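Chemist: sequence plus the predicted model coming up.
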Amino acid sequence: MSSAKEMTELQAFKTVLYHSVIILALPVIAFFTSKVFLFDGIFGLSNVPSNVYSAGVAVIVLHIALGAFIYRAYFDDRSKTSTIKRD
């Protein structure tokens, strides 16, 4: 019983750690990628508008990552509780 509980806690920790890294890393990557390649490179915008639009892209990516985490936490938890057998 203890081993099963430890495995579930380890799986929950891995899931939270994975989503935490995604929530932290993806917006930063999206900001600099969109700034350098899209807004500075392709559109040729000046510094301030390029930063503002890149920040908007980062906010959108952050909301998508947070939504994925909430979706996973809500529906993954429900599917596990519905399949638990009662003794």
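Modeler: Ah, there it is.
Chemist: is L45 part of a helix or strand, or is it coil?
Modeler: Three-state call for L45 (DSSP: H, G, I helix; E, B strand; the rest coil): coil.
Chemist: now do R72
Modeler: Quick answer, by three-state DSSP: R72 is helix.
Chemist: off-centre distance for the helix or strand bottoming out on mean pLDDT in the chain?
Modeler: Using mean pLDDT, DSSP states H and E, the weakest-scoring helix or strand in the chain turns out to be helix 47-82, at a mean of 89. Centre-to-centre, helix 47-82 and its host chain are 5 Å apart (CA atoms, centre = their mean, to the nearest Å).
Chemist: what residues of it count as buried?
Modeler: 50, 53-54, 57-58, 61-62, 65, 69 (16 or more other CB atoms under 10 Å). Placement of C-beta: from N, CA and C, glycine included.
Chemist: quick one: which two of those residues are the most distant?
Modeler: Spatially, the most separated pair among these is S50 and F69, at 28.8 Å (CB to CB).
Chemist: ok, and what's touching stretch 57-75?
Modeler: Residues outside stretch 57-75 that contact it (CB atoms under 8 Å, 6 or more residues apart in numbering) are 15, 19, 22-23, 26-28, 30-31, 34.
Chemist: can you say which of those are buried?
Modeler: Neighbour counting with 16+ other CB under 10 Å marks 19, 22-23, 27, 30-31, 34 as buried within those.
Chemist: by contact count, what packs against whatever helix or strand S3 lives in?
Modeler: Using DSSP states H and E, S3 falls within helix 2-33. Helix 2-33 makes packing contacts with helix 47-82 when contacts are defined by 3 or more CB pairs under 8 Å, 6 or more residues apart in numbering; DSSP states H and E.
Chemist: if I look at H19, how far off is A65?
Modeler: H19 sits 7 Å away from A65, going by CB to CB, to the nearest Å.
Chemist: same check, this time on I29
Modeler: Distance, I29 to A65, using CB to CB: 11 Å.
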